[in-house]
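>>> Provided below are the primary sequence and the corresponding predicted coordinates.
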Amino acid sequence: MSAQRVAFNVTGDSVEVQGALNRETVPQAWQTRSNWYGSSGNLQLNLAGLKSVDSAGLAMLIQLKAELQEQGRDLALQNTNEQLRAFAEVSGVTDLLSLS
């Protein structure tokens, strides 16, 4: 079995997420976030290429939103998949992540 991967591709004013956002990929994604999330303005994550997500991926998105808010920025999630919406609903963070 090959290791799962996640990639963050900056395209214009958004960041495309490709792959899996889970307990295997979150530590590296979090450590390298300054490479892809910019230093100003709101962050738009296009999740159309997100193949899978787990509770670690959801936790990372919540922490990312909190960190950005401390900087006076916001996080917008685009093209969220059903798996992410289900995790958010069960966790009670649908409104926090503006997925409603």
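Great, that's in hand. Remember, predicted model here, so these are calculated numbers, not experimental data. Residues are numbered from 1 along each chain as shown.
>>> now the protein, which segments are flagged as low pLDDT?
1-3, 100 (pLDDT under 70).
>>> Find the centremost residue of it, please.
The centroid of the chain falls nearest to residue 61 when counting by Cα atoms, centre = their mean (4.5 Å).
>>> For that residue, which three-state class applies?
helix (DSSP: H, G, I helix; E, B strand; the rest coil).
>>> do residue 9 as well
strand.
>>> can you give me the helices in this protein?
26-31, 33-36, 55-70, 82-91 (DSSP state H).
>>> Adding distance to residue 47, write these out as CSV.
C-beta here means a position set from N, CA and C on the backbone, and glycine is covered the same way. Formatted as CSV, the helices of the chain follow (distance: least, Cβ to Cβ, whole Å):
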stretch, distance to residue 47
helix 26-31, 13
helix 33-36, 14
helix 55-70, 9
helix 82-91, 7
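>>> How about residue 37, nearest residue that isn't a chain neighbour?
Here the nearest residue to residue 37 in space, its sequence neighbours aside, is residue 43; by Cβ to Cβ, 6 or more residues apart in numbering that works out to 5.3 Å.
>>> measure that neighbour to residue 36 for me?
9 Å (Cβ to Cβ, to the nearest Å).
>>> the more surrounded of those two?
Higher neighbour count among residue 43 and residue 36: residue 43, with 22 against 16, using other Cβ atoms under 10 Å.
>>> Please verify my assumption that the more buried one contacts residue 17.
No: using Cβ atoms under 8 Å, residue 43 is not in contact with residue 17; the gap is 11.3 Å.
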